[in-house]
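Trainee: Below: sequence and its predicted model.
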Amino acid sequence: MVKPGFRTFSFYNKLIFLFCLSPLIYLIIRTLSGNLSANPIEDLTHSSGWWALTTLVITLVVTPLKIIFKKPQILFFRRTLGLFSFFYASIHFVTWIALEQFFDWEAMVLDVLDRPFITLGVIAFVLMIPLAATSPYQIRKKIGNNVWKKIHRLIYFAVLIAVLHFLWLVKKDLTEPFIFLFIVLMLLGFRVFMWCTKFFPKDQ
Amino acid sequence: MSYKTKLSSRDVTPKTLWDRRKTLKLAPWVLFQGLFFLPKLTEARDTVGKKLKSLKDKLFSTTEPLTAYSKATSYNNYYEFGTDKSDPKKYAYQLEIEPWVVRVEGHVSQPKDFTMNELLTLAPMEERVYRLRCVEGWSMVIPWIGYSLSELLRRVAPTKDARYVEFTTVYRPDQMPGQRKPILDWPYTEGLRLDEAMNPLTLLSFGMYGSFSPNQNGAPVRVIVPWKYGFKSAKSIVSIRLTEKEPQTTWVKASPKEYGFYSNVNPSVNHPRWSQARERRIGEFRKRDTLLFNGYGDQVAKLYEGMNLEKYF
């Protein structure tokens, strides 16, 4: 299935891989060189959460780019970005379990039930699990493209819930989460627009 | 490209090229070292202020290990300089703290504008090691320098109408970048009930760790109310007003459901969005249990006898 231009796209994919990996490398450097803040666990929680959301949002940019530039190879990047988002979300989630709650399951259940922003965070993460699980090509082949596409529409809910999770936890100054919300609404709006043009095609 | 099977001396790589290659091989190592070294360089050096002499207090001070100076001065909530906790250290140098006057007014017999010199010599300086608990769920142990706020209040003689004390932080958007944004309703105001303000624990503070406080910690003068969440301890104060009615405070105005006038540290009254049962002491790995009144119940519990602490949170 090597298509023309595949090699260049594979090169760009490597670049995207490095870009996605850079926050982790930066975090490791800051840790080793003692440049984390006075509250390193908070640093870890915040930066992993921020990058999980950012890479998730960038994942949503891929399809519009493919449509605009009419280059299906661009879709190749979607998997890298999406999996990295799941990777950072996992770090975020594990940090919460291990370093915030110290495996105190009772406290965690109470937190999930009592605190809406934590509830939303957990929901967003759970929604991402089937996407990550069905990302290998073999599985995609097995379940068929249509089912796969349906499953992967969960990203729309995951990203919206993740932004709400961010919006809800900020103590004051909601500028940043609102910027995220704006971008996400634009990206989802693009989908809505595309569906509308599909269902109501122009007269030919 | 095809391979030569027979190589002659002409095919030998010139030594200069080979040497250059060795240098190139060093590059990642240099880069790697640089990555460790650069952040150290860019990290603002910890400027320790001028020494401020004081007597060590034994009565109220905790013997718990102190939070490192570098942490207490680089991880701050001081929204006037920005909402990120690293912002205050970055931008606080812009605030000019000389000259400085604190106006004490309202229901007092002798209202007065105090200069810094007057304030610094008003009462003997004490070093008090207090726990500080932030409403966000972290805590520190800090050796503050100052004297009980009651020393100042007694000198201005509150009248019988004085029931509350309102503190106002300086408003200088040109020197405080955060004040140029409508993050909070500037200027920042906080308040205490008069009996809380007169409690000997409540400190009027000028220094920490043996020196004058750096700007990011509220220089030149602030209050410290150790049994309440940190935001109650107003920084860089320019006005102390004694009032009859409960003053409106900044965080109550910003979110009345989340922040109350009292804001006493209380593990069983949660913030609507997060639990207050535990806290992370800065520098420690595991969280510890939060204490009622931040562990100062012996001194202050009597102030709230018969009060429903869940209602008056």
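Mentor: In hand now; what should we look at? Not measured: the values here are computed from a predicted model.

Trainee: Count residues in the vicinity of residue B:26, would you?
Mentor: Residues within reach of residue B:26, counting by other CB atoms under 10 Å in any protein chain shown, total 9. The way it works is simple: take the backbone N, C-alpha and C, and place the C-beta from them, glycine included.

Trainee: For chain A, which residues are neighbours of chain B?
Mentor: A:29-30, A:32-33, A:35, A:37-39, A:41-42, A:100, A:102, A:107, A:110-111, A:114-117, A:168-169, A:171-173 (CB under 8 Å from any CB of the partner chain).

Trainee: The stretch 1-150 of chain B: strands as residue ranges?
Mentor: Counting by DSSP state E, counting those that start in this stretch, the stretch 1-150 of chain B has these strands, from start to end: B:55-56, B:101-106, B:112-115, B:126-133, B:138-148.

Trainee: Which entries within the residues of chain A next to chain B meet the buried criterion?
Mentor: Among the residues of chain A next to chain B, those scoring as buried are A:30, A:35, A:37-39, A:41-42, A:100, A:111, A:115, A:117, A:168-169, A:171, A:173 (criterion: 16 or more other CB atoms under 10 Å in any protein chain shown).

Trainee: and stretch B:102-111, how far apart are its ends?
Mentor: 11 Å (CA to CA, to the nearest Å).

Trainee: Tell me which residues are up against that stretch.
Mentor: Identification of contacts with stretch B:102-111 by CB atoms under 8 Å, 6 or more residues apart in numbering or on different chains yields B:112-114, B:119, B:152, B:155-159, B:161-162, B:166, B:221, B:237-244.

Trainee: try it again with 7 Å
Mentor: B:112-114, B:119, B:152, B:156-159, B:161-162, B:221, B:237-244 (CB atoms under 7 Å, 6 or more residues apart in numbering or on different chains).

Trainee: Just the ones of those residues in helices?
Mentor: B:119, B:152, B:156 (DSSP state H).

Trainee: need the contact list for the nearest residue to the second one once chain neighbours are set aside.
Mentor: Closest residue to residue B:152 in three dimensions, ignoring its sequence neighbours and counting by CB to CB, 6 or more residues apart in numbering or on different chains: residue B:204, at 5.8 Å. Taking CB under 7 Å, 6+ apart, we find residue B:204 in contact with B:146-147, B:149, B:152, B:221, B:223.

Trainee: now residue B:204: how far from residue B:296?
Mentor: Note on residue B:204: its distance to residue B:296, by CB to CB, to the nearest Å, is 17 Å.

Trainee: what do you get for residue B:163?
Mentor: 22 Å.

Trainee: ok, now residue B:153?
Mentor: Distance, residue B:153 to residue B:296, using CB to CB: 19 Å.

Trainee: cool, residue B:102 as well?
Mentor: Distance of residue B:102 to residue B:296, computed by CB to CB: 25 Å.

Trainee: out of everything not next to it in sequence, what's closest to the residue positioned nearest the centre of chain A?
Mentor: Centroid-nearest residue in chain A, with CA atoms, centre = their mean: residue A:56, separated by 2.3 Å. What sits nearest to residue A:56 in space, not counting adjacent residues and going by CB to CB, 6+ apart, is residue A:85, at 4.1 Å.

Trainee: Can you classify the one you found as helix, strand or coil?
Mentor: Secondary structure, DSSP: H, G, I helix; E, B strand; the rest coil: residue A:85 is helix.

Trainee: how about the helices in the chain?
Mentor: Because you didn't say which chain, this covers chain A. Under DSSP H, chain A gives helices at A:6-32, A:40-69, A:76-95, A:105-114, A:116-133, A:137-143, A:145-152, A:154-169, A:175-199.

Trainee: Can you look at chain B instead?
Mentor: B:15-42, B:69-72, B:87-91, B:116-120, B:149-156, B:194-198, B:250-254, B:297-300.

Trainee: Much appreciated, bye for now.
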